[in-house]
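> Need the 3D shape of this:
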Amino acid sequence: MTIQQIKQQLADIRYEEWVQIFPTLSQDPRAGVQTLLRQKERQFEREQALQDDFERRMTYEREWKAQGFTRIVGVDEVGRGPLAGPVVAAAVLLPEGFYIAGLDDSKKMSKTARDTAYDYIMEVAEIGVGIVEPAVIDEINIYEATKLAMMEAIRQVGEVDALLIDAMKLDLDIPQQSLIKGDTLSVSIAAASVVAKVVRDRMMEEYDRTYPGYGFANNAGYGTETHLEGLRRYGVTPIHRRTFAPIKHM
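Numbering: from 1, shown residues only. Down below sits the predicted model:
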């Protein structure tokens, strides 16, 4: 075969097929063929590393299942720190056999990877989303608002056997485990992190059109220089958190 034909053959080859043809191709003396083999080998190594990492982060889900629990829901929130916009929580019940390569803490993923993961999670998983608006945050504080958003998201999922929650303990009569940096330790929490972030980011993009000049589409309501300059020039909007500094002093 020509090098181009070998390249085409290797393009979508499965690992099982690769193992079968590698001994033969490895004897090919052409430098172009050897380069293709090295590239493909590195690709499989990267894919295997992602799968290994994914399996490692299914440890907590497997531990719950070993105790007889089946409907194990991951919970996470986005938006505790911004000066504007709601806090959004998501609860996600993943199906058996779920896999997304590179699924991680949503903040570590590129926007493209996050949006792709979001679309797939929304298609195959059971989802709940809780949204608590700035006025309620100001009334009950951000910690209580975060719990409220999480409990609403969980309620939407329906029947729940156990919860894996990112760094929170909820007043619910449901077995639960709180994990610090849970979105890096649990696949279910990572999936919830992605859903919450995409939902909130899209809300802030809409708010950017309603309240231009604060950079909401880019800063998601966090206190960037653009946002602070917008506050100085245009004042406080209805979506700002009035108990958060520097807004409470304005």
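> Counting by contacts, list what the helix or strand where Q48 lies packs against.
Element membership of Q48, judged by DSSP states H and E, is helix 31-56. Under the contact definition 3 or more Cβ pairs under 8 Å, 6 or more residues apart in numbering; DSSP states H and E, helix 31-56 sits against helix 3-11, helix 15-25. C-beta: built from backbone N, CA, C; applies to glycine.
> try 6 Å
helix 3-11 (3 or more Cβ pairs under 6 Å, 6 or more residues apart in numbering; DSSP states H and E).
> report the angle between the axes of the helix it packs on and helix 31-56?
Orientation check (axes from the mean of the first three to the mean of the last three Cα atoms, to 10 degrees): helix 3-11 against helix 31-56 gives 10 degrees.
> list the buried ones in helix 3-11?
By neighbour count with 16 or more other Cβ atoms under 10 Å, helix 3-11 contains the buried residues I6, K7, L10.
> picking up where we left off before, what comes into contact with the helix or strand that the helix holding Q48 is followed by?
Sequence-wise, the next helix or strand downstream of helix 31-56 (DSSP H and E) is helix 59-66. Applying Cβ atoms under 6 Å, 6 or more residues apart in numbering, the contact partners of helix 59-66 are I72, A162, L164, S186, S188.
> Repeat the analysis, applying 7 Å as the threshold.
I72, A162, L164, Q177, L179, L185, S186, V187, S188 (Cβ atoms under 7 Å, 6 or more residues apart in numbering).
> Give me the buried positions along it.
Neighbour-count burial for helix 59-66, counted by 16+ other Cβ under 10 Å, picks out Y60, E61, W64.
> Turn those residues into a markdown table, columns for distance to A196.
Putting the buried residues of helix 59-66 into a markdown table (distance: Cβ to Cβ, whole Å) gives the following:
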| residue | distance to A196 |
| --- | --- |
| Y60 | 19 |
| E61 | 19 |
| W64 | 21 |
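> Export the lowest-mean-pLDDT helix or strand in the chain to CSV, keeping only CA atoms.
Least confident helix or strand of the chain, by mean pLDDT, DSSP states H and E, is helix 15-25 with a mean of 89. C-alpha atoms of helix 15-25 as CSV (Å, rounded to 0.1, in the frame of the first residue of the first chain):
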residue,chain,number,x,y,z
TYR,A,15,-7.6,-0.4,18.8
GLU,A,16,-8.5,-4.1,18.3
GLU,A,17,-7.7,-3.8,14.6
TRP,A,18,-4.6,-1.8,15.3
VAL,A,19,-3.2,-4.6,17.5
GLN,A,20,-3.6,-7.0,14.6
ILE,A,21,-2.0,-4.9,11.9
PHE,A,22,0.7,-3.2,13.9
PRO,A,23,3.3,-6.1,13.8
THR,A,24,3.2,-6.1,10.0
LEU,A,25,3.3,-2.3,9.5
